[in-house]
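> With the sequence up front, the predicted model follows.
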Amino acid sequence: MSGELPQFYFRVRENGAAVFRVDAENRQRRLDLVEIAAVNVRNGTIRPHGDRKLTADEIAAIHSWLADRQALLARREIDDILRTVDHLNLTAQWVQSRAEDDALDQVTDALLLAMHDLRTVLVRRKADRLARSAPPPAAGDQG
């Protein structure tokens, strides 16, 4: 490895990460990863590993990583949705220009149900947002 090693290593897992302290200052002069905690990205909980007490520096480093990770995942989620829009457009083009009847038979019902479900949820959420942002009726107005 080249350059200076980080003080902590975060092994990403499904809902967070295992947090390790990087130890290169031992007698064997080899790199050791000492597990110090587990962090949950969804709810922000930090659980020390075993009976370990986390230092203020360790907690600060974990909170910093957690904020960065949550921001990255939020950006990826939006990017995934925008890619879905691209896929829907490509699918429409495929249906219009190249799809064979057998292929359409395989995908039409699933696509129609998924699109109906998505449209229903989007319309409901948009109506909720519009209702929240609408100014309240003036006194004496009748709805």
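Sure, I can see it. Residues are numbered from 1 along each chain as shown.
> contacts, neighbours, all on C-alpha from now
Fine.
> ok, now which ones touch the closest residue to Thr45 other than its chain neighbours?
The spatially closest residue to Thr45, leaving aside those adjacent along the chain, is Val39, at 5.7 Å (Cα to Cα, 6 or more residues apart in numbering). Contact analysis of Val39 by Cα atoms under 8 Å, 6 or more residues apart in numbering lists Gly16, Ala17, Ala18, Val19, Thr45, Ile46, Arg47, Ile62, Leu66.
> Just grab the bridge partners of the third one for me.
In this case it means Ala18. Arg11, Ala38 (DSSP bridges).
> How much space separates the residue nearest to Thr45 from Arg83?
As judged by Cα to Cα, to the nearest Å, Val39 and Arg83 stand 29 Å apart.
> Determine the three-state secondary structure at the residue most central in space within the chain.
Residue closest to the average C-alpha location in the chain (Cα atoms, centre = their mean): Leu73, at 3.5 Å. Secondary structure, DSSP: H, G, I helix; E, B strand; the rest coil: Leu73 is helix.
> And it, how close does it get to Ser64?
Taking Cα to Cα, one finds Leu73 at 14 Å from Ser64.
> returning to what we had before: local confidence estimate at the residue nearest to Thr45?
Here, the pLDDT recorded for Val39 equals 98.
> And for Arg27?
67.
> can you give me the strands in this protein?
8-13, 16-23, 32-40, 46-48 (DSSP state E).
> Could you say which of these is packed most deeply?
strand 16-23 (a mean of 20; mean count of other Cα atoms under 10 Å).
> Between strand 8-13 and that strand, find me the angle.
Taking axes from the mean of the first three to the mean of the last three Cα atoms, to 10 degrees, one finds strand 16-23 and strand 8-13 inclined to each other by 150 degrees.
> Tell me which residues are up against strand 16-23.
5-12, 31-42, 62.
> can I get the CA coordinates of that strand in CSV?
Output of strand 16-23 as CSV, limited to C-alpha atoms (Å, rounded to 0.1, in the frame of the first residue of the first chain):
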residue,chain,number,x,y,z
GLY,A,16,-24.5,0.0,7.2
ALA,A,17,-20.9,-0.9,7.9
ALA,A,18,-18.5,-2.7,10.3
VAL,A,19,-16.0,-0.1,11.6
PHE,A,20,-12.4,-1.1,12.0
ARG,A,21,-9.4,0.8,13.5
VAL,A,22,-6.4,0.4,11.2
ASP,A,23,-3.4,-0.7,13.2
